[in-house]
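**Q** the following block contains a protein sequence and its predicted model.
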Amino acid sequence: MTPTPYWYRENVRRLITQFMCIFKGLQVNNGSEFQIVPITSAEPDIVVASIIAGNTPNASLALPLMSCKINGYQYDNMRAAGLNQSASSVRLPVGGQFPDDLITDVIYKPLPVTLSVDLYVYTTNFDQMFQIIEQIMPLFSTALLLQTNTSALDPARISSVEMTNGFTLDGNFPIGNNQRACSGIASFDIKGYQPYPEHIIDNVIKSINLRIGASGGLTNFDIIDDFNAQGLEYTKIHGN
């Protein structure tokens with residue numbers, strides 16, 4: 001069987017890294033000095049376990065801390081527009097000879113996607129929490145635009161971040177040793193684009209159609225024999 005063409009451009013990793021960079025460098029004033037609030041990407045239970053593990057009488061508490069968690073990644077139909085999936089232009093490099101040195105640039109429309117992310121904030125007290133929130137909220141009075149480069153040939157260079165749910169606070173967060181901390185959570189949508197290689201969609205669809213066409217003449221017995229040959233498990237249903 002011909003394998004489906006493979007491609008991977010680390011798009012989700014790129015979007016979440018952009019999101020984390022928004023909050024990198026945030027500080028709180030603990031009364032005597034300014035303290036930078038680190039941010040990481042991890043599941044909340046892993047972050048909490050790390051906080052509790054580090055909360056010992058012989059070590060200072062590693063707070064404040066921020067972490068983000070990916071909740072979803074979906075195609076955004078609302079931002080899909082038009083029928084043309086590519087645009088081309090012809091150019092002649094400086095010093096080139098016409099028509100031998102003409103170059104055709106093809107730009108493929110990237111897929112509009114939305115990455116849903118939760119931002120968790122952990123602090124030792126509400127004063128630190130309020131300092132962090134007041135620094136974050138003004139950034140999202142409107143959609144925050146992020147630009148990764150200035151290339152006019154990169155349609156995925158600009159993405160936007162919107163706050164979909166403001167901060168929900170909890171001042172009774174257990175961190176071990178009979179201590180409590182404060183936690184807050186806010187939700188965001190990162191609206192970006194997923195680029196893909198030239199003709200990749202056409203190649204995948206052709207591959208799918210070939211597999212469907214090849215399986216059109218198979219009987220149930222042929223399919224069962226193929227399952228048995230591959231060692232695949234299946235459920236046998238017996239009629240009356």
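**A** Received the coordinates, thanks.

**Q** with just CA atoms, put the top strand by length along the chain into PDB.
**A** Longest strand of the chain, by residue count under DSSP state E: strand 158-176. Written as PDB, here are the backbone C-alpha positions of strand 158-176 (Å, rounded to 0.1, in the frame of the first residue of the first chain):
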ATOM      1  CA  ILE A 158       0.700  37.300  11.100                       C
ATOM      2  CA  SER A 159      -1.500  35.700  13.800                       C
ATOM      3  CA  SER A 160      -3.700  37.200  16.500                       C
ATOM      4  CA  VAL A 161      -4.500  36.400  20.100                       C
ATOM      5  CA  GLU A 162      -7.900  37.100  21.800                       C
ATOM      6  CA  MET A 163      -8.800  36.600  25.400                       C
ATOM      7  CA  THR A 164     -12.100  34.600  25.400                       C
ATOM      8  CA  ASN A 165     -12.500  34.300  29.200                       C
ATOM      9  CA  GLY A 166     -11.100  36.600  31.800                       C
ATOM     10  CA  PHE A 167      -9.400  35.400  35.000                       C
ATOM     11  CA  THR A 168     -11.100  33.100  37.400                       C
ATOM     12  CA  LEU A 169      -9.400  33.300  40.800                       C
ATOM     13  CA  ASP A 170      -9.000  30.800  43.700                       C
ATOM     14  CA  GLY A 171      -7.300  31.900  46.900                       C
ATOM     15  CA  ASN A 172      -7.400  28.500  48.600                       C
ATOM     16  CA  PHE A 173      -5.000  26.500  46.500                       C
ATOM     17  CA  PRO A 174      -3.300  23.700  48.500                       C
ATOM     18  CA  ILE A 175       0.500  23.400  47.900                       C
ATOM     19  CA  GLY A 176       1.400  21.100  50.800                       C
END
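
**Q** could you list the buried residues of whatever helix or strand comes next after it?
**A** Proceeding N to C from strand 158-176, the next assigned helix or strand is strand 179-194, under DSSP states H and E. The neighbour-count check on strand 179-194 (16 or more other C-beta atoms under 10 Å) flags 181-194 as buried. For every residue, glycine as well, the C-beta is placed using N, CA and C.

**Q** returning to what we had before: outside of the longest strand of the chain, which residues touch it?
**A** Contacts with strand 158-176, where a contact means C-beta atoms under 8 Å, 6 or more residues apart in numbering, come from 15, 18-19, 22, 48, 51-52, 55, 61, 116, 121-122, 126, 129, 133, 137, 140, 143-148, 180-193.

**Q** 7 Å instead, please
**A** 15, 18-19, 22, 51-52, 55, 126, 129, 133, 140, 143-147, 180-192 (C-beta atoms under 7 Å, 6 or more residues apart in numbering).

**Q** okay, the buried residues of strand 179-194 in CSV with distance to Ala42 and pLDDT next?
**A** Output for the buried residues of strand 179-194, formatted as CSV (distance: C-beta to C-beta, whole Å; pLDDT from 0 to 100):
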residue, distance to Ala42, pLDDT
Ala181, 17, 83
Cys182, 19, 90
Ser183, 14, 91
Gly184, 16, 94
Ile185, 14, 96
Ala186, 17, 97
Ser187, 17, 97
Phe188, 16, 97
Asp189, 20, 96
Ile190, 18, 94
Lys191, 23, 93
Gly192, 21, 90
Tyr193, 26, 88
Gln194, 23, 84
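
**Q** helix/strand/coil for Cys225?
**A** For the record, residue 225 is Asp, not Cys. helix (DSSP: H, G, I helix; E, B strand; the rest coil).

**Q** nothing else from me, thank you.
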